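In: whatever this is, show me its structure:
(4 chains)
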There are 4 protein chains.
Amino acid sequence: MTSVALLTSGGDGPGMNAALRAAAQTAGARGVAVVGVRDGYDGLMDGRFVPLGRSATGTDGFDSNALDFVARQGGTVLGTARSERFRSPEGRARAAEQLKQRAITGLLVVGGNGSLTGAHLLARETGVAVMGVPSSIDNDIGCTATCIGVDTALNTIVEACDRISDTARSHRRAFVVEVMGRQSGYLAMAGAVAVQADAVVFREQQRAPETLVAAVADVVRKAFTERGKRRVLILKAEGVEVPTMRLVQLVEEAVKPVLPDLEIRGVILGHLVRGGNPSFLDRMVAARLAFAATTALLEGASDEMVGWQSPVTGGITTSDASVRRFPLEMVLAETARLLDGTSPVTQRRVGLMSKVEGVLQL
Amino acid sequence: MTSVALLTSGGDGPGMNAALRAAAQTAGARGVAVVGVRDGYDGLMDGRFVPLGRSATGTDGFDSNALDFVARQGGTVLGTARSERFRSPEGRARAAEQLKQRAITGLLVVGGNGSLTGAHLLARETGVAVMGVPSSIDNDIGCTATCIGVDTALNTIVEACDRISDTARSHRRAFVVEVMGRQSGYLAMAGAVAVQADAVVFREQQRAPETLVAAVADVVRKAFTERGKRRVLILKAEGVEVPTMRLVQLVEEAVKPVLPDLEIRGVILGHLVRGGNPSFLDRMVAARLAFAATTALLEGASDEMVGWQSPVTGGITTSDASVRRFPLEMVLAETARLLDGTSPVTQRRVGLMSKVEGVLQL
Amino acid sequence: MTSVALLTSGGDGPGMNAALRAAAQTAGARGVAVVGVRDGYDGLMDGRFVPLGRSATGTDGFDSNALDFVARQGGTVLGTARSERFRSPEGRARAAEQLKQRAITGLLVVGGNGSLTGAHLLARETGVAVMGVPSSIDNDIGCTATCIGVDTALNTIVEACDRISDTARSHRRAFVVEVMGRQSGYLAMAGAVAVQADAVVFREQQRAPETLVAAVADVVRKAFTERGKRRVLILKAEGVEVPTMRLVQLVEEAVKPVLPDLEIRGVILGHLVRGGNPSFLDRMVAARLAFAATTALLEGASDEMVGWQSPVTGGITTSDASVRRFPLEMVLAETARLLDGTSPVTQRRVGLMSKVEGVLQL
Amino acid sequence: MTSVALLTSGGDGPGMNAALRAAAQTAGARGVAVVGVRDGYDGLMDGRFVPLGRSATGTDGFDSNALDFVARQGGTVLGTARSERFRSPEGRARAAEQLKQRAITGLLVVGGNGSLTGAHLLARETGVAVMGVPSSIDNDIGCTATCIGVDTALNTIVEACDRISDTARSHRRAFVVEVMGRQSGYLAMAGAVAVQADAVVFREQQRAPETLVAAVADVVRKAFTERGKRRVLILKAEGVEVPTMRLVQLVEEAVKPVLPDLEIRGVILGHLVRGGNPSFLDRMVAARLAFAATTALLEGASDEMVGWQSPVTGGITTSDASVRRFPLEMVLAETARLLDGTSPVTQRRVGLMSKVEGVLQL
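Out: Down below sits the predicted model:
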């Protein structure tokens, strides 16, 4: 194998560029050329390639200095997309053809569940050697403890909640803060513990709307009347059935008899949480995962994903065992269980949060 | 005069705590005791006072170490409120009584237009010596070039737009970002120049909804088709008639014939922009304004506001002339003109922005 | 047990205040009173206690609102110290006496190796029930994958290196950046991977000064002459024998024949890396560890430390098994091996870094 | 005039890239092509030009999307240098020749005093039309209230002092923090007010070393013994005769009789303060100054600098009068007076600080 390609696909996340650099580095150190693909699978099918690393001379690629520079930036400099065309076997055959024409025998796919599904089908149908690198700020991919982008998103959430806490305590107000996570409540759960939210609301709790409103109203009421709080903070995942501004309104009405003057405010962080320079941990995770995936690809692996299994919180792990490989088929099956709630991981997360929530209300 | 009081009122802004510390410092250096008032005019009428500065011993006030600590935090540790009761002469008489009982002869009010109106009435009706310090992240107060909180809010907007730009350019998308400013488009205008927005939308432009949608659609269309942009960013002030998510929808429809796949996203920064540790400039502005207001109060001034008139961008100005005093009556009149659009300041701002907007589209 | 005490000791680290809040929360939820101890073991021997949590009324303690506020701040609001007096059995007996007088039967010690040694001796000699919570930005404590403060320190290092990279690439310069870690090179190692340093230098490599200078000079020379780099970045741990500014000078001389105009600069981050608002992960680690330690104490455990053993990078772990308890005796023995280089953990870290370093030079 | 060039020179500062983008935008809007020059005057003499803006197609320049991206980054993507060769008339003639060969009739120079001196000589000797844009984090240029980079540097200083304050108050320690400014104490002065330092030390105070040590020791002694402070912070400018670590040692010795256990620490921020993403104000100042300079150049001006004279703290000024033009000869003369202490600006700054310092010690 003398040439590999790399693409970023699906939702962007901080650390994608660091993965790009690490892959170019790792391949370069073995004398293998790396090319980047513009705009995900769309660019692959259309043959839009750019040179990366030391071999990138002259034109529109990214040489060593450019990679140094972009590796610390959020988003992806290669561009990303969600491709309709790639969902058909014809699209995937076209992609394989583009790689073959350029004698590129391996492909690294940095992306989330949809992108990894595409990678799996490409490998199975066309024989292209493909390795997946998990990137999803929602942390909703199976067989990996974390994904590229999760830690930065959580740091952004924590900073945003700090700002909101400043104004909440100045005015003695409650805030409902909505974070991304259509199917996975992970950002809401993890954020809630770190910012000491008074409650957390996410899809996996499976609460009926009335139960939900009553529970949140109860927390708000007690916080101000019994616990003497100045700041009340509720974290809410995007996937919850009741929209945030509607929830704010319903809770305000529910507590009105006891707290007639209380103002509750909603803030939807949305896309704000997706960008920003990657945190230490996302750069480390991106570098280690990309290193492992590139090495595996160069050693002949295919149709697999690298997952983070480290016995540490990150940083320099004590051994290479921190990153492990899993067949994409297993990853996709485990992801499905994670999202439909049948995975033990989901059940333990929900169980842990119900315990934590009781303690949150100081 | 041997004792002065200080309160924060209205919307909180980063730098209020720095003003609090500087006032305590300034009065303390002259041997005058300072007390803080909790929760704005409400706390004043209810007699909720806390000791500040070196004289704060033992109990629930803020001694020198506490002031050092809080001065670098957002929000206001004294609490703030919008008081209905204070709008009546009876409320203001009650407030004056509370001050009199404690032999407090001067009051510093850190707040926005409503709070300064209250301060003016209190001074006129009851003879309490009152000095105003302008604080409003919207920069909508007359007779001052800036207010406590403006610079931090703009830095928060800039950081948020940087994050959003990461994801916009990764996906080749347009974003409409809404910032605070119900009556004043200042944050949108100033932010747009700094983040190189492709367009800016604010109430003072007085555009009819259809004209507005057509203008924004035109910018978006040209940006992607003629200028080859990957990231399009529109800044929008809260006060504009068309709600942000509705604007996004209308523009998406308007450009659909030419850009059928384009996704436009809306982000409402809202209260996020109100908190956070104060920037260098807000700490400097807060310290200088509070110093000047306290000194004026101790020298017998009343019914005035200190305004920032410095011939510099901030920081160490070359003379004390950078801070000047204005009768509150003049401030309030000038503020009214600023907001109804008859002030030359408003007209020049709008004029400047229409010139700038032409250049923004690189 | 109806009352427990908590102290912070040794070097401060971001997250100590979050641990304080979580401990107060956990004990409070079980109806147990918590008191804080000022300035570490010194305050304990002198009986300087402050109330914490809901029971903190009136005076100088920290009630729920104060804990909400401080939990997101760096440093420790209780104060910390390195106590000489506590190194004697008399000092420790005095401490036990103070606790006994107030009917406090358990003590939480948040600190590093010296503090945990003191905790161990206190438990063994006096029978006071003691639980340790590991806090050390250097990550130099045995039996735990991370400590409170490590992740924030690494984020601060990453941000500082980003700033330095801006000026390095503008001028085509090399920088040597020194980070804390007298005995442990962890911050330098982990930081180097995340910021894509061109080389990393730390005590555990056991390089003779001349070898060290030659190796660094070689990296610098090749980076500019062969790899065409604009920015060269060397991370160096505090504990390395050659002082940073001396190293800069020696390397500049060594490369002068080939690069006569090259300017190398040294930056010593030092205490800058110790403060700052805790990151997401440090808040999470602090909350989870303090929760586990308080629970263990209330259930009768003593002379133990809680360590982070999670199979995830942090955040919401899938089970409570992520935090485990270890006898302090074992922790201290493992720590000694970590620092003298005989621990397999140290050896694997050094081994991993020598592999990584080869790849770093893109 | 159909083509202009732009270079960045001398020490880099955050906002240089924003100036670059604004200049390209302004010229582009008038149909004028802009080229960038690599590595300052060195690149100019060697003819290393890169296309900028919409005309930048294909190769190694910066098109609109690249300019959007880099405008929010610190440093300068064009590179910068201090050129020896350009100090000779031959070097300047060579530079003029390069411009002439490419039919470039105007040059924008973004830089500090040395760079502006070079610009002045180039204009006078060769007739090339040159406009200067002031960039210097030290704020040591005449005829302008601020320079590109000053506000970001001050924000970095403020954040660093916040971090240091966390650890200082945890341990009850004093810190001396050194900031850049070999000849100008501006960063130390302005920073001291914003971070509420207990004292500030800078070259322009002209204190003899013994007086300096005695004064600082006095502040430290009183802070801990009389004022009960937990955190003492001294800001010191680089240009002060006594080196920072020596000052720390001398003050520690001087206070030892009264404070035998006090530990004082020194932190040298150095190059850390030079990088980082530009703040709101630096982006605004850069955009407005570059706009004005480019417009002036296109209208036939030469041998001038644009200075910030706004009657506001920044942001959207009420008129275009905020930016004014000055002959470079006047700028250089005023700069000389600023640095040798004969300028009234310097005298007022020093006078103001001596007043402020008295109040700083709460």
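In: and the lowest-mean-pLDDT helix or strand in chain A with chain C, contact?
Out: Of all helical and strand segments in chain A, the minimum by mean pLDDT, DSSP states H and E falls on helix A:344-360, at a mean of 81. Yes. Using CB under 8 Å from any CB of the partner chain, we find that helix A:344-360 touches chain C at A:344-345, A:348-349, A:352-353, A:358-360. The C-beta positions use only the backbone N, C-alpha and C, and glycine is treated the same way.
In: now do the contacts for the residue in the stretch 151-300 of chain A that chain D sits nearest to.
Out: Relative to chain D, the nearest point of the stretch 151-300 of chain A is A:Asn277 (8.5 Å; CB to the nearest CB). If a contact means CB atoms under 8 Å, 6 or more residues apart in numbering or on different chains, then A:Asn277 has A:14, A:72-74, A:152, C:162 as its contacts.
In: and the most far-flung residue of chain A relative to its centre, how far from chain B?
Out: Here chain A reaches farthest from its C-alpha mean at A:Pro257, the gap being 41.1 Å by CA atoms, centre = their mean. Distance, A:Pro257 to chain B, using CB to the nearest CB, to the nearest Å: 20 Å.
In: report pLDDT for that residue.
Out: Per-residue pLDDT puts A:Pro257 at 97.
In: that one belongs to a helix?
Out: No. A:Pro257: not assigned to a helix; according to DSSP: H, G, I helix; E, B strand; the rest coil it is coil.
In: got phi/psi on it?
Out: phi -50, psi -40 (degrees, to the nearest 10).
In: what about whatever helix or strand A:Ala153 lives in and chain B, touching?
Out: Element membership for A:Ala153, per DSSP states H and E: helix A:150-171. Yes. Using CB under 8 Å from any CB, helix A:150-171 reaches chain B at A:156, A:160, A:162-167, A:169-171.
In: and that helix with helix B:150-171, angle?
Out: Interaxial angle of helix A:150-171 relative to helix B:150-171 (axes from the mean of the first three to the mean of the last three CA atoms, to 10 degrees): 150 degrees.
In: helix A:150-171 and chain C, are they touching?
Out: Yes. On the criterion CB under 8 Å from any CB, helix A:150-171 is in touch with chain C at A:150-151, A:154-155, A:157-158, A:162, A:165, A:169.
In: equivalent analysis for stretch A:203-213, please.
Out: No. Stretch A:203-213 lies out of reach of chain C by CB under 8 Å from any CB, never closer than 11.4 Å.
In: ok, residues contacting that stretch?
Out: Residues contacting stretch A:203-213 (CB under 8 Å, 6+ apart): A:181, A:183-185, A:201, A:215, A:237, A:239-242, A:247, A:250-251, A:254, A:341, A:346, A:349-350, A:353.
In: A:Val356 and C:Ile264: what is the separation?
Out: Using CB to CB, to the nearest Å, one gets 49 Å for the distance from A:Val356 to C:Ile264.
In: also A:Arg288?
Out: 29 Å.
In: can I assume A:Arg337 is in contact with A:Ser343?
Out: Yes. Here A:Arg337 reaches A:Ser343: they are 3.7 Å apart, a contact under CB atoms under 8 Å.
In: comparing the two, which residue is more hemmed in?
Out: Under the criterion of other CB atoms under 10 Å in any protein chain shown, the comparison of A:Arg337 against A:Ser343 puts A:Ser343 first, with 18 against 14.
In: check which residues of stretch A:221-228 are buried.
Out: A:221, A:223-224, A:227 (16 or more other CB atoms under 10 Å in any protein chain shown).
In: what residues are up against the nearest residue to A:Met16 once chain neighbours are set aside?
Out: Of all residues not flanking A:Met16 in the chain, A:Thr76 sits nearest, at 4.1 Å (CB to CB, 6 or more residues apart in numbering or on different chains). With contacts defined as CB under 8 Å, 6+ apart, A:Thr76 is in contact with A:8, A:12, A:16-17, A:20, A:110, B:170.
In: please dump the residues you listed into a markdown table; it should also carry secondary structure and distance to B:Phe86 for every row.
Out: Listed next are these as a markdown table, based on DSSP: H, G, I helix; E, B strand; the rest coil; distance: CB to CB, whole Å:
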| residue | secondary structure | distance to B:Phe86 |
| --- | --- | --- |
| A:Thr8 | strand | 56 |
| A:Asp12 | coil | 49 |
| A:Met16 | helix | 53 |
| A:Asn17 | helix | 54 |
| A:Leu20 | helix | 58 |
| A:Val110 | strand | 58 |
| B:Ser170 | helix | 50 |
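In: near chain C, which residues of the stretch 51-200 of chain A are found?
Out: A:53-54, A:63-65, A:67-69, A:71-72, A:139, A:145-146, A:150-151, A:154-155, A:157-158, A:162, A:165, A:169, A:186, A:189-191, A:193-196.
In: please pick the buried ones from those residues.
Out: Counted by 16+ other CB under 10 Å, these give A:53-54, A:63-65, A:67-69, A:71-72, A:139, A:145-146, A:150-151, A:154-155, A:157-158, A:162, A:165, A:169, A:186, A:189-191, A:193-196 as buried.
In: so, low pLDDT: which residues of chain A?
Out: A:1, A:55-60, A:310-321, A:358, A:361-362 (pLDDT under 70).
In: pull the distance from stretch A:127-140 to the chain's centre.
Out: How far stretch A:127-140 lies from its chain's middle: 11 Å, per CA atoms, centre = their mean, to the nearest Å.
In: first-to-last residue distance for that stretch?
Out: Terminal residues of stretch A:127-140 are spaced 27 Å apart (CA to CA, to the nearest Å).
In: ditto for stretch A:74-91
Out: 29 Å.
In: could I get the phi/psi values of A:Lys256?
Out: The phi/psi pair for A:Lys256 (degrees, to the nearest 10) is phi -50, psi -40.
In: I meant A:Leu6, not that one.
Out: Here A:Leu6 shows phi and psi, under degrees, to the nearest 10, equal to phi -140, psi 140.
In: so it touches A:Pro51, yeah?
Out: No. Using CB under 8 Å, A:Leu6 makes no contact with A:Pro51, being 11.5 Å away.
In: what parts of the stretch 151-300 of chain A come near chain B?
Out: Near chain B, when you scan the stretch 151-300 of chain A using CB under 8 Å from any CB, you find A:156, A:160, A:162-167, A:169-172, A:175, A:230, A:265, A:267-276.
In: what angle separates the helix or strand where A:Leu233 lies from helix A:150-171?
Out: Assigned by DSSP H and E, A:Leu233 falls within strand A:231-237. In terms of direction (the same axes, to 10 degrees), strand A:231-237 departs from helix A:150-171 by 150 degrees.
In: distance between strand A:231-237 and the chain's centre?
Out: 21 Å.
In: wait, A:Gly276 sits on B:Ile164?
Out: No. With contact defined as CB under 8 Å, A:Gly276 does not reach B:Ile164; the gap is 9.6 Å.
In: and the helix or strand where A:Thr211 lies, which residues are buried?
Out: According to DSSP H and E, A:Thr211 maps onto helix A:209-225. The neighbour-count check on helix A:209-225 (16+ other CB under 10 Å) flags A:212-213, A:215-217, A:219-221, A:223-224 as buried.
In: more neighbours: A:Val356 and C:Ile264, which one.
Out: Ranked by neighbour count (other CB under 10 Å), A:Val356 and C:Ile264 place C:Ile264 first, with 23 against 18.
In: list the contacts for the more buried one?
Out: C:173-176, C:220, C:248, C:251-252.
In: quick one, phi/psi of it?
Out: Here C:Ile264 shows phi and psi, under degrees, to the nearest 10, equal to phi -110, psi 140.
In: how far away is it from chain A?
Out: 17 Å.
In: beta partners of that residue?
Out: C:Ala174 (DSSP bridges).
In: can you tell me if the helix holding A:Ala153 touches chain D.
Out: No. Remark: helix A:150-171 sits outside contact range of chain D, by CB under 8 Å from any CB, the gap being at least 13.0 Å.
In: I'm done for today, thanks for sticking with me.
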